[in-house]
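Engineer: with the sequence up front, the predicted model follows.
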Amino acid sequence: MILVFIETRDGRIKKGSLEALSEAKRRGAELGWEIAAAFAGAVPDTTAAEVFPYGASKAYVLESPALADYSSQGFARPLTSLVGELKPAAMFFSATAMGRDLAPRVAAALGVSLASDCTKLAAKDGRLEFTRPVFAGKALLTVALKASPAMATLRPNIFPLETAVASASGAIIRKSADIPEGFVRGKVVEVLREPAAEIDVTEAGCIVSGGRGLKGSEAFALLKELAALLPRAAVGASRAAVDSGWIGHQHQVGQTGKTVSPDLYVACGVSGAIQHLAGMSGSKVVVAVNKDPEAPIFKVADYGIVGDLFEVIPHLIEELKKLQA
C-alpha cells in the first residue's frame with residue numbers, strides 16, 4: 001500500500017496533494033500496491049470522496065477537536081498511529097509548507113528515513129527509487145530507502161495529475177484520533193490572509209518574480225498587474241527584495257525561501273544569484289528581463305530581454321491585454 005497524506009485548505013484539497021496521489025497511483029500500478037489517502041480534521045464525505053477519481057480506494061479521516069487547526073504535534077500523532085496500523089510500504093506528502101513540516105516529524109516518530117523534495121519516482125526491483133536535487137540543484141541524487149514505510153515529500157507542479165475517473169468510488173473510514181488534552185503545545189490564535197488572496201507561489205502555474213532591480217515596493221504593483229493577465233499566476237521575489245521590505249516573505253523564491261516549479265517563470269530585475277536559482281531551477285520556461293547583459297539569470301533563461309524592466313513590462317502588459325481583448 002502507498003498512503004498519501006491529503007492536505008486541505010478552506011475545505012478544498014490542495015492541488016499538490018492530488019499530484020502526489022496521482023504519482024502514487026502510477027507507481028502503485030507498477031508494483032501492484034493499493035493506494036489509500038489520509039485526511040486529518042473535520043473533512044466532510046464530499047471532500048474525502050474527491051480522492052477516489054485519482055486512484056485511492058480508501059480514504060481515512062482522522063477526527064479530533066484538536067485537529068481543527070494545523071499543528072505538527074497534533075497531526076503527526078494520529079498519522080503515526082495510522083501508519084502503524086496499516087503498515088504501508090510507502091507514504092507520500094506534498095512538499096508544501098505543511099508537508100515539509102509534518103513529514104519529518106512522522107518519519108522521526110516511526111524511526112524511518114525521508115526523501116524530501118523529490119522530483120522523480122521510479123519502481124525498480126519491487127521497490128521505489130526517489131530522485132531529488134542536491135547541492136542547490138547542481139546535481140540529482142537517486143536513493144532507495146531500506147526501512148518501511150519509504151517516506152517522501154513530492155515537489156508540487158512536477159508530477160502530472162492523473163485523468164480523473166468520475167465513476168470511481170471507495171470507502172471512507174473515519175477514525176477517532178487519540179490526542180490527550182494539553183498534548184498540543186502550540187495553538188493557532190489567528191490566521192492573517194493577504195487581501196488579494198493570491199495563489200501560493202509553490203502552486204502557481206506562472207510566477208512573475210521581482211528582484212533588486214525593482215528599486216522599491218511600488219514597482220511590485222507592476223508585476224501584480226502582469227501576473228493578473230496570466231493563468232494561475234502569482235508574484236514571487238528574490239531574497240534581496242524581501243530583505244528590503246518591499247514584499248512579504250511568503251513570496252520569496254530561493255534556497256532560503258520557497259522552491260517552485262511553474263510552467264512559466266518571469267524574472268524581472270533578478271540578477272540570478274545561485275541561492276535564487278536553487279529555488280526556481282525546476283521551472284519549465286524561464287523568461288528574464290534585466291538591463292545587465294552579463295546577469296547570471298540569462299544563463300538559465302530560455303528567453304532573455306536586455307532592457308529596463310520599467311519599459312519592457314508595460315509593453316508586455318499592453319500586448320497581453322491585446323491578446324485577451
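Structural biologist: Here it is on my side, so go on. Source: prediction; values computed, not measured.
Engineer: thought Val270 was touching Ser238, still the case?
Structural biologist: Yes: applying Cβ atoms under 8 Å, one finds Ser238 in contact with Val270, separated by 5.2 Å. In this view, the C-beta of every residue, glycine as well, is placed from N, C-alpha and C.
Engineer: just the C-alpha atoms of the host helix or strand of Val266, please, in CSV.
Structural biologist: Taking DSSP states H and E as the criterion, Val266 maps to strand 264-268. Taking Å, rounded to 0.1, in the frame of the first residue of the first chain, the C-alpha atoms of strand 264-268 are listed here in CSV:
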residue,chain,number,x,y,z
LEU,A,264,6.5,29.9,-16.7
TYR,A,265,8.9,31.9,-14.6
VAL,A,266,9.3,35.6,-15.5
ALA,A,267,12.3,37.1,-13.6
CYS,A,268,12.2,40.9,-13.6
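Engineer: hmm, who's touching the helix or strand that it is followed by?
Structural biologist: The first helix or strand that comes after strand 264-268 along the chain, using DSSP H and E, is helix 274-280. Residues outside helix 274-280 that contact it (Cβ atoms under 8 Å, 6 or more residues apart in numbering): 133, 136-137, 207, 209, 211, 236, 238-239, 253-260, 265, 267, 270, 286, 296-297, 300.
Engineer: how about 6 Å then?
Structural biologist: Helix 274-280 is touched from outside by Ala136, Gly137, Ser238, Val253, Gly254, Gln255, Gly257, Thr259, Val260, Tyr265, with contacts defined as Cβ atoms under 6 Å, 6 or more residues apart in numbering.
Engineer: next: stretch 125-134.
Structural biologist: Against stretch 125-134 from outside (Cβ under 6 Å, 6+ apart): 90, 115, 117-118, 120-122, 140-144, 150, 152.
Engineer: narrow these to those in strands?
Structural biologist: Here DSSP state E is the test, and these give 90, 115, 117-118, 120-122, 140-143, 150, 152 as lying in strands.
Engineer: and the buried ones among the residues you listed, selectable in PyMOL?
Structural biologist: What follows is the PyMOL syntax selecting those of the ones in strands among the contacts of stretch 125-134 that are buried according to 16 or more other Cβ atoms under 10 Å:
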select buried, resi 90+115+117+118+121+150+152
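Engineer: now do the same end-to-end measure for stretch 221-239.
Structural biologist: With Cα to Cα, to the nearest Å as the measure, stretch 221-239 spans 18 Å from end to end.
Engineer: let's verify Ile305: helix, strand, or coil?
Structural biologist: Secondary structure, DSSP: H, G, I helix; E, B strand; the rest coil: Ile305 is strand.
Engineer: for the closest residue to it other than its chain neighbours, which three-state class applies?
Structural biologist: Residue nearest to Ile305 in three dimensions, not counting chain neighbours: Val289, with 4.7 Å by Cβ to Cβ, 6 or more residues apart in numbering. Using three-state DSSP, the secondary structure recorded for Val289 is strand.
Engineer: give the contact list for Val289.
Structural biologist: Counting by Cβ under 6 Å, 6+ apart, Val289 makes contact with Cys268, Ile305, Leu309, Val312.
Engineer: which of those residues lies closest to Ala107?
Structural biologist: Cys268 (38.3 Å; Cβ to Cβ).
Engineer: beta partners of that closest one?
Structural biologist: Gly210, Val289 (DSSP bridges).
Engineer: okay, now it: neighbour count?
Structural biologist: 30 (other Cβ atoms under 10 Å).
Engineer: one step back: mind pulling the model confidence for the residue nearest to Ile305?
Structural biologist: In this model, Val289 is scored at 96, pLDDT.
Engineer: please apply the same query to Leu114.
Structural biologist: pLDDT recorded at Leu114 is 97.
Engineer: longest strand anywhere in this protein?
Structural biologist: Longest strand in the chain, counting residues (DSSP E): strand 127-134.
Engineer: what residues are up against Val285?
Structural biologist: Leu264, Asp302.
Engineer: tell me what it is bridged to.
Structural biologist: Bridge pairing for Val285 (DSSP bridges) gives the partners Leu264.
Engineer: for stretch 110-118, measure first residue to last.
Structural biologist: 20 Å.
Engineer: go on, stretch 302-309?
Structural biologist: The first and last residues of stretch 302-309 sit 17 Å apart, counting by Cα to Cα.
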